[in-house]
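Asker: sequence? don't have it. structure:
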């Protein structure tokens with residue numbers, strides 16, 4: 001089953017905040033039908049995940065369901081503190097692959113936890129925490145010791161393309177590779193936004209996977225979110241970052 005009329009909404013999923021929640025009756029009516037509708041799987045970090053980075057924050061993925069009503073079911077498999085590398089190593093992409101059905105969609109959004117310098121000898125709680133990729137955009141590899149075991153580390157595009165290819169091979173109707181959200185664009189006192197290098201890696205990955213002709217799409221989620229924050233203004237936005245400049249309170253998570 002394809003998402004047909006829902007595809008335009010998927011390609012602009014950052015607009016989910018403009019859709020209101022269904023009534024309780026509508027939700028009950030739709031509950032039975034969701035077993036036969038496609039699932040939209042979310043793979044990402046705390047900016048997407050349930051409960052965000054904790055401490056009163058929330059991930060944007062918790063509000064995507066409102067855009068689809070009973071036409072699709074959203075499974076938010078994002079997890080706080082993860083990068084494309086650690087999401088792969090921990091088997092989180094594999095778990096999605098084990099449950100995905102033909103006709104499902106997957107949205108992949110990483111970058112927040114991927115930017116550190118690769119460090120040898122790290123553990124889950126020390127050094128780079130096993131998050132950053134090997135430098136490069138192709139087939140480069142790095143060998144490090146992580147948690148006292150040897151790990152071959154790949155580039156960011158490698159992790160993204162590998163996961164996307166697996167999902168497509170399993171019959172996914174489409175893959176959205178999404179630009180990471182910005183940190184507070186008003187943090188300096190004036191509006192400042194520049195896409196990270198991971199936006200380039202995302203677009204490169206989409207092109208190398210075949211782009212829309214191969215059912216792979218890039219969404220400028222971070223750029224949309226930055227513009228939304230610009231329109232809200234500094235005073236309103238600052239209040240929506242209760243713990244740091246990265247994790248959003250529920251209202252802003254819904255907006256972006």
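Answerer: It's in. In this text, all values refer to a predicted model and were calculated from it rather than measured experimentally.
Asker: Can I take it that residue 80 is in a strand?
Answerer: No: counting by DSSP: H, G, I helix; E, B strand; the rest coil, residue 80 is not part of a strand but coil.
Asker: what sits against it?
Answerer: 45, 46, 49, 51, 52, 53, 54 (Cβ atoms under 8 Å, 6 or more residues apart in numbering). C-beta: built from backbone N, CA, C; applies to glycine.
Asker: Filter these down to the buried ones and express that as a ChimeraX selection.
Answerer: Of these, the buried ones go into a single ChimeraX selection, burial set by 16 or more other Cβ atoms under 10 Å:
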select :45,46,49,52,53
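Asker: Would you format the contacts of residue 80 as a markdown table with secondary structure, distance to residue 185 and pLDDT included?
Answerer: Below are the contacts of residue 80 laid out as a markdown table (DSSP: H, G, I helix; E, B strand; the rest coil; distance: Cβ to Cβ, whole Å; pLDDT from 0 to 100):
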| residue | secondary structure | distance to residue 185 | pLDDT |
| --- | --- | --- | --- |
| 45 | coil | 19 | 98 |
| 46 | coil | 18 | 98 |
| 49 | coil | 21 | 98 |
| 51 | coil | 23 | 96 |
| 52 | coil | 18 | 96 |
| 53 | coil | 18 | 94 |
| 54 | coil | 23 | 93 |
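Asker: which stretch of helix or strand covers the residue lying closest to residue 198 once chain neighbours are set aside?
Answerer: Leaving out its chain neighbours, the residue that sits closest to residue 198 by Cβ to Cβ, 6 or more residues apart in numbering is residue 111, at 3.5 Å. Under DSSP states H and E, no helix or strand contains residue 111.
Asker: contacting residues around residue 111?
Answerer: For residue 111, the contacting residues are 179, 180, 196, 198, 199, 202, by Cβ under 8 Å, 6+ apart.
Asker: how does it look with 7 Å?
Answerer: By Cβ atoms under 7 Å, 6 or more residues apart in numbering, the contact list for residue 111 reads 180, 196, 198.
Asker: List phi and psi for it.
Answerer: When quoted as degrees, to the nearest 10, the phi and psi of residue 111 stand at phi 140, psi -40.
Asker: if we can go back for a sec, same list, the contacts of residue 80, but as JSON lines with distance to residue 87 please.
Answerer: JSON lines is the format used below for the contacts of residue 80 (distance: Cβ to Cβ, whole Å):
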{"residue": "45", "distance to residue 87": "8"}
{"residue": "46", "distance to residue 87": "12"}
{"residue": "49", "distance to residue 87": "11"}
{"residue": "51", "distance to residue 87": "17"}
{"residue": "52", "distance to residue 87": "16"}
{"residue": "53", "distance to residue 87": "16"}
{"residue": "54", "distance to residue 87": "19"}
